[in-house]
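Enquirer: sequence? don't have it. structure:
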């Protein structure tokens, strides 16, 4: 496939609003793609370059993209930045500037889909002191040989933000339809392999193998998630349920095969080097090859420390041994996905728990099994007294569903209206905060994963956190308009609020009354933020409560 064809397809999809039309368009293309092209195409369609399980990073932000483009068009970097500031859409700006340059271009090579992927691989592999220059040369090569339309989507892929309205669900359904394979088989294979590109390749080359896939060590899968609920409704629906502490820590997935170990975050980023003490504790707690799911908490004087303390340990890159002495990290393991090569996610939770207790000598999370709302309520209050967030209730006969937020896991915690939102921009502060961002623009997502602005937040952020946020966001700036800054939207805030209101001022159709920053959730991906549908449910619940 020529990259020009890919760009033309993206342009067509960007103009389509119908989900079914998108699926049909993608479905018709799969037969023409080679075995090498298909997985790359599927990942690119999602705005991804590498498999979801992969730790590879392109390491290419908006600043480097501006610099590469400036070189290609023979202008100064500030010229490009000014153009982006006027538009706000970096892909469109690349297209427009390449259009003006095109009349002076005499020699270029046609880019293929695999050419582009190969260059991206080179960019991800480069490390060391000269890594930026190496990435820059690859970006310059791609942009130099790109047509204006190709440039639009090259730029967006480099920032892993394709913005064509095609979400994971659309791509997954197109694979299901394109290869005439039942949806449940595609979904299950995707859960185990955590790479829709590989699933599509199997669907094309060996459909029968889709029913035989297993979770592979050191290829982390997405973690199962919980939704809010109540003790009474869970007991009424399921009778006996398992109740466990809900910790104010950071999720992890631990893999061990023989002497090889690795530990991954909720975002599937490897953090083995940051948490050598936790890795050692878990490795010494089992004689089996396992993949387990758990949460790591920071402890001091026998009491759990706040979530941000855990994050500081995880983000530590230097003096890790000293940090480990200062902050004790303890794992709590509550599920097992693989044991001695056998994938267990389809087994009932009660069976997985029994296996977990038999193969882990310690660190299994405390648990009770009960059908008594009163007993579970007592357990809940004891968990709060111990400094935990609340409890989790789990259905005993439920499978482990990677990436799923469903009714099988329910979280119970004190009533508090908080919401997870993506940060899309900010405004520069005033006075002593003039050199930092003073307020932040927040967004939820629609059913296609597109971001819709919902609120601004400025309160609840002290000077130390503002300084930390400035360091975090300064390399994510895409455009500036006066005091307003546009960010690459890959950071999540947890925000509290007093009330959800309908509003015409924000694209989401709602606004938060008295929003307040609670904490940075860089253990969460932007695709885990609140949806418009969930906001509508919150609003209806709020209205009923006030009647």
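Expert: Happy to help now that I have it. Remember, it's a predicted structure, so these values are computed and weren't measured experimentally.
Enquirer: so residue 371 sits right up against residue 240, yeah?
Expert: Yes - assessed by C-beta atoms under 8 Å, residue 371 is found in contact with residue 240 at 4.4 Å. No exception for glycine: its C-beta is placed from N, CA and C like everyone else's.
Enquirer: Name the residues contacting each of those two.
Expert: Counting by C-beta atoms under 8 Å, 6 or more residues apart in numbering, residue 371 and residue 240 have no contacts in common.
Enquirer: ok, now which ones touch the closest residue in space to residue 251 that isn't next to it in sequence?
Expert: Distances taken as C-beta to C-beta, 6 or more residues apart in numbering put residue 266 closest to residue 251, at 4.2 Å, once the chain neighbours are dropped. By C-beta under 8 Å, 6+ apart, the contact set of residue 266 is 223, 250-252, 523-525.
Enquirer: since we're on residue 69, how many residues are nearby?
Expert: Neighbour count of residue 69, defined by other C-beta atoms under 10 Å: 27.
Enquirer: pLDDT wise, what is it at?
Expert: At residue 69, the pLDDT value in this model is 94.
Enquirer: I'd say it and residue 80 touch.
Expert: Yes - contact criterion C-beta under 8 Å: residue 69 and residue 80 qualify, at 5.2 Å.
Enquirer: For the two, list the residues in contact with both.
Expert: Joint contacts of residue 69 and residue 80 (C-beta under 8 Å, 6+ apart) are residue 97.
Enquirer: now residue 297: how far from residue 261?
Expert: To residue 261, residue 297 is 20 Å away according to C-beta to C-beta, to the nearest Å.
Enquirer: Which one's more surrounded, those two?
Expert: residue 297 (23 against 17).
Enquirer: Show me what that one bridges to in the sheet.
Expert: When assigned by DSSP bridges, residue 297 has beta-bridge partners residue 330.
Enquirer: still on that earlier bit, give me the distance between the residue nearest to residue 251 and residue 153.
Expert: Counting by C-beta to C-beta - residue 266 and residue 153 are separated by 29 Å.
Enquirer: go on, residue 44?
Expert: Applying C-beta to C-beta to residue 44 and residue 153 gives a distance of 9 Å.
Enquirer: so what sits against both of the two?
Expert: Listed as contacting both residue 44 and residue 153 by C-beta under 8 Å, 6+ apart are 6, 162.
Enquirer: who's more crowded, these two?
Expert: Remark: of residue 44 and residue 153, residue 153 carries more neighbours, 27 against 23, as counted by other C-beta under 10 Å.
Enquirer: In contact with the more buried one, which residues?
Expert: Counting by C-beta under 8 Å, 6+ apart, residue 153 touches 6-7, 10, 91, 162.
Enquirer: ok, so what distance separates it from residue 74?
Expert: Counting by C-beta to C-beta, the gap from residue 153 to residue 74 is 22 Å.
Enquirer: again, but for residue 307
Expert: Look at residue 307 and residue 74: by C-beta to C-beta, they are 49 Å apart.
Enquirer: more crowded one of the two?
Expert: residue 307 (21 against 9).
Enquirer: Contacts only, for that one.
Expert: Residue 307 touches 248-250, 519, counting by C-beta under 8 Å, 6+ apart.
Enquirer: So which of those residues is surrounded by the most neighbours?
Expert: Counting neighbours by other C-beta under 10 Å, residue 249 leads the contacts of residue 307 with 26 neighbours.
Enquirer: Which of the three states applies to residue 160?
Expert: At residue 160, secondary structure determined by DSSP: H, G, I helix; E, B strand; the rest coil is coil.
Enquirer: What is the burial count for it?
Expert: For residue 160, the tally of surrounding residues (other C-beta under 10 Å) stands at 16.
Enquirer: how about the nearest residue to it, chain neighbours excluded?
Expert: residue 47 (5.4 Å).
Enquirer: need the helices for the stretch 51-200 of the chain, in chain order.
Expert: For the stretch 51-200 of the chain, applying DSSP state H, counting those that start in this stretch gives helices covering 62-73, 77-87, 90-101, 113-125, 131-144, 148-158, 168-178, 183-193, 196-205.
Enquirer: could you check the angle helix 168-178 makes with the shortest one?
Expert: Computed by axes from the mean of the first three to the mean of the last three C-alpha atoms, to 10 degrees, the angle separating helix 196-205 from helix 168-178 equals 10 degrees.
Enquirer: which strands and helices sit next to the helix or strand just after helix 196-205?
Expert: For helix 196-205, the succeeding helix or strand toward the C-terminus, using DSSP states H and E, is strand 225-228. Packed against strand 225-228, as judged by 3 or more C-beta pairs under 8 Å, 6 or more residues apart in numbering; DSSP states H and E, are the following elements: strand 405-412.
Enquirer: Show the secondary-structure elements that the strand it packs on is packed against.
Expert: Against strand 405-412 (3+ C-beta pairs under 8 Å, 6+ apart) you get strand 225-228, strand 390-395.
Enquirer: mean pLDDT for the ones you listed: which is lowest?
Expert: Mean pLDDT, when computed for each of the helices and strands packed on strand 405-412, is lowest for strand 225-228, at a mean of 90.
Enquirer: Would you list the strands that it pairs with, along with their directions?
Expert: If you go by DSSP bridges, strand 225-228 pairs up with strand 405-412 (parallel).
Enquirer: Verify the assumption that residue 281 is located in a strand.
Expert: No - secondary structure of residue 281 (three-state DSSP): helix, not part of a strand.
Enquirer: And the residue nearest to it when sequence neighbours are not counted, how far from residue 82?
Expert: Nearest residue to residue 281, sequence neighbours excluded (C-beta to C-beta, 6+ apart): residue 331, at 6.0 Å. From residue 331 across to residue 82, the span is 50 Å (C-beta to C-beta).
Enquirer: next one: residue 46
Expert: According to C-beta to C-beta, residue 46 stands 31 Å off from residue 82.
Enquirer: Neighbour count for these two, which is higher?
Expert: With neighbours defined as other C-beta under 10 Å, residue 46 and residue 82 compare such that residue 46 has more, 21 against 15.
Enquirer: Now do the contacts for the more buried one.
Expert: 162, 166-168, 171, 196.
Enquirer: for residue 199, same thing?
Expert: Counting by C-beta under 8 Å, 6+ apart, residue 199 has contacts 175, 186, 189-190, 193, 210.
Enquirer: let's see 6 Å
Expert: 189-190, 193 (C-beta atoms under 6 Å, 6 or more residues apart in numbering).
Enquirer: Put together CSV for those residues, with pLDDT and distance to residue 376 on each row.
Expert: Output for those, formatted as CSV (pLDDT from 0 to 100; distance: C-beta to C-beta, whole Å):
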residue, pLDDT, distance to residue 376
189, 96, 36
190, 96, 34
193, 96, 36
